[in-house]
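> From the sequence below, what's the structure:
(one chain, ligands or ions: 2)
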Amino acid sequence: MKKKKALIFGVTGQDGAYLSKFLLNKNYIVYGVKRRSSIINTQRVDDIYKDINYKSNFILLYGDLTDASSILNLIKKTNPREIYNLAAQSHVKVSFEVPEYSADVNGLGTLRILEAIRSLNLEKKVKFYQAGTSEMFGSTKEKFQNEKTSFHPVSPYGVSKCFAHWITKNYREAYGIYACNGILFNHESPIRGETFVTRKIIQGLVRIKQNYQKKLFLGNLYSKRDWGHARDYVEAMWKMLQQKKPDDYVIGTGKTFTIKEFVNIATKKMGLNIKWIGRGIKEKAIDIKSKKIIIECRKRYFRPLEVDYLKGNATKAKKILKWSPKTSIDSLIDEMIKHELNNNDQY
Ligand code: NAP
Ligand code: G4F
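Ligands and ions are numbered 1, 2, ... in the order given. Sure thing, here's the model as predicted:
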């Protein structure tokens, strides 16, 4: 049987690595788009590249979402049946510092892929997945957010992703492209970027526990997030492209925790006994055994505007895609700690 071909923009990111493995295990040929960088940026997919079982079906190519000609050439050259757009300037806080670039990559980048599909007359041949986000709900007051919840983004990142969402929907309706928006809530893993809060917390606490680091500095401890595992979420992306009709789906766990609660679960698992003292920016955590302050807050990690509360309702995905999350927050944290402990062997 002829192998299906998939093209992944953002292959070197957390989700790109999980999705590549998932598709290769389904016998796809995977073309991954990496961007040029002055330092090697393929660490997350190096194991795939070296694995004899995957190697011949996994091909990395250069491209950039800010470069329309590279996108067009890549699609022409690889002739994929499925395109996953996972590429983005994905850090919310950083999007306040590089708003125009974030809009260019996240917003216009999506349009560039859709236009390439159209220019190559692939409207009826290619299926397209757009990596949307719960950040689009922004300042929502809904207790649970689903596909019907209005968007009110509160960051340049959130706004850029709203453009990508609507342009994907627009090209689906105007040109009949099989294009889906996944509206994914936060999903983490041992290979999550080190500046996102879950990885930063786990990495920091493991280093503190092993005496490689003295303190962990955080921002807002009271925002709430619905955290799942990236491995489960890439399966949902694929399922969206296997339906009869394209549609948009919310993917989340339906549970929410504050950053402080995440810290409390993680410290307990590591056998660190902590006590919180102080309020606001002066709030800190003390290690009861050593009596040392191990967590403090810093203004620089706060955002000009915050998404206070996220909790996803994935009923539609459960019903139509037969998707549900497999990994609890406990197992996620266990896996992240285990990975970090192994990593730290190198110190
Ligand atoms: P990530 O780890 O930050 O990966 C982003 C990927 O995009 C990387 O491969 C990055 O390349 C690439 N990229 C950045 N700018 C690019 C450009 N100009 N041209 C081509 N590629 C570019 O993000 P992730 O966590 O895997 O998330 C995947 C997607 O889902 C993103 O679009 C994100 O916004 C969205 N999303 C994520 C979550 C989540 O909780 N993880 C939730 C909802 C939506 P480098 O490796 O070279 O930097
Ligand atoms: O881990 P975060 O940076 O993730 P955030 O902002 O929720 O965005 C992530 O999830 C989105 C889905 O909803 C994705 F679309 C997006 O691409 C990204 O993957 O921050 C989580 C929360 C925020 O409320 C932040 O203010 O943690 C708070 N926080 C507290 N201290 C911190 C820190 N965030 C970071 N990054 N670093 C801190 O020191």
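> The residue of the stretch 1-150 of the chain found nearest ligand 1: neighbouring residues, count only.
Closest to ligand 1 within the stretch 1-150 of the chain is Gly13: 2.0 Å, counting by C-beta to the nearest ligand atom. In this view, the C-beta of every residue, glycine as well, is placed from N, C-alpha and C. Burial of Gly13 is recorded as 24 neighbouring residues (other C-beta atoms under 10 Å).
> How about Leu122?
Under the neighbour criterion other C-beta under 10 Å, Leu122 is assigned a count of 19.
> pLDDT score assigned to it?
For Leu122, the pLDDT comes out at 98.
> Begin at 54 from now on, thanks
Got it, first residue is 54 now, which makes that one Leu175.
> Which of the three states applies to it?
coil (DSSP: H, G, I helix; E, B strand; the rest coil).
> How about the contacts made by Ala289?
235, 237, 302, 304, 370, 374, 376 (C-beta atoms under 8 Å, 6 or more residues apart in numbering).
> how about these in a markdown table, adding distance to ligand 1?
Formatted as a markdown table, the contacts of Ala289 follow (distance: C-beta to the nearest ligand atom, whole Å):
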| residue | distance to ligand 1 |
| --- | --- |
| Gly235 | 8 |
| Leu237 | 4 |
| Tyr302 | 12 |
| Ile304 | 8 |
| Ala370 | 14 |
| Leu374 | 17 |
| Trp376 | 15 |
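> Adding neighbour count, write those residues out as CSV.
Listed next are the contacts of Ala289 as CSV, based on neighbours: other C-beta atoms under 10 Å:
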residue, neighbour count
Gly235, 25
Leu237, 25
Tyr302, 24
Ile304, 30
Ala370, 25
Leu374, 19
Trp376, 21
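> Farthest pair within these?
Leu237 and Leu374 (12.7 Å; C-beta to C-beta).
> Report how many residues lie close to the residue lying closest to Asn80 once chain neighbours are set aside.
Once flanking residues are discounted, Asn80 sits nearest to Lys56: 5.9 Å by C-beta to C-beta, 6 or more residues apart in numbering. Lys56 sits with 12 neighbouring residues when counted by other C-beta under 10 Å.
> Could you grab the helix/strand/coil label for Lys56?
coil.
> Report the helix or strand with the lowest average pLDDT across this structure.
Least confident element among the helices and strands of the chain, by mean pLDDT, DSSP states H and E: helix 99-103 (a mean of 92).
> Just the CA atoms of that one, as PDB, please.
C-alpha atoms of helix 99-103 as PDB (Å, rounded to 0.1, in the frame of the first residue of the first chain):
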ATOM      1  CA  ASP A  99      17.300  13.600  16.900                       C
ATOM      2  CA  ASP A 100      16.200  10.300  18.300                       C
ATOM      3  CA  ILE A 101      13.800   9.800  15.400                       C
ATOM      4  CA  TYR A 102      16.400  10.700  12.900                       C
ATOM      5  CA  LYS A 103      18.800   8.100  14.300                       C
END
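> Just the closest of the contacts of Ala289 to Thr221, please.
Scanning the contacts of Ala289 for proximity to Thr221, where the rule is C-beta to C-beta, the winner is Gly235, at 10.1 Å.
> For the closest one, pull up the helix or strand it's in.
Assigned by DSSP states H and E, Gly235 belongs to strand 231-237.
> which helices and strands sit right next to that strand?
On a contact count with 3 or more C-beta pairs under 8 Å, 6 or more residues apart in numbering; DSSP states H and E, strand 231-237 meets strand 180-186, helix 209-228, helix 283-293, strand 302-304.
> Centre of the chain to that strand, how far?
14 Å (C-alpha atoms, centre = their mean, to the nearest Å).
> Give the partner strands of that strand in its sheet and their orientations.
Partner strands for strand 231-237, per DSSP bridges, with pairing direction: strand 180-186 (parallel), strand 302-304 (parallel).
> Would you mind saying which of these lies nearest Lys201?
Ranking the strands paired with strand 231-237 by proximity to Lys201 (C-beta to C-beta) places strand 302-304 first, at 9.4 Å.
> can the closest one be found next to ligand 2?
No: between strand 302-304 and ligand 2, judged by C-beta under 6 Å from any ligand atom, nothing touches; the nearest distance is 10.4 Å.
> Identify all contacting residues around that strand.
Contacts for strand 302-304 (C-beta under 8 Å, 6+ apart): 187, 198-200, 233-238, 281, 286, 289, 293, 365-367, 369-370, 373-374, 376.
> do stretch 167-180 as well
Contacts with stretch 167-180, where a contact means C-beta under 8 Å, 6+ apart, come from 121, 124-125, 128-129, 133-136, 181, 220-221, 224, 228-233, 294, 299.
> is it up against ligand 1 anywhere?
No: Stretch 167-180 does not reach ligand 1 (C-beta under 6 Å from any ligand atom); its nearest approach is 13.6 Å.
> Redo the strands paired with strand 231-237 as a markdown table? Include distance to Leu173 and mean pLDDT.
Formatted as a markdown table, those follow (distance: least, C-beta to C-beta, whole Å; pLDDT from 0 to 100):
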| stretch | distance to Leu173 | mean pLDDT |
| --- | --- | --- |
| strand 180-186 | 12 | 99 |
| strand 302-304 | 26 | 99 |
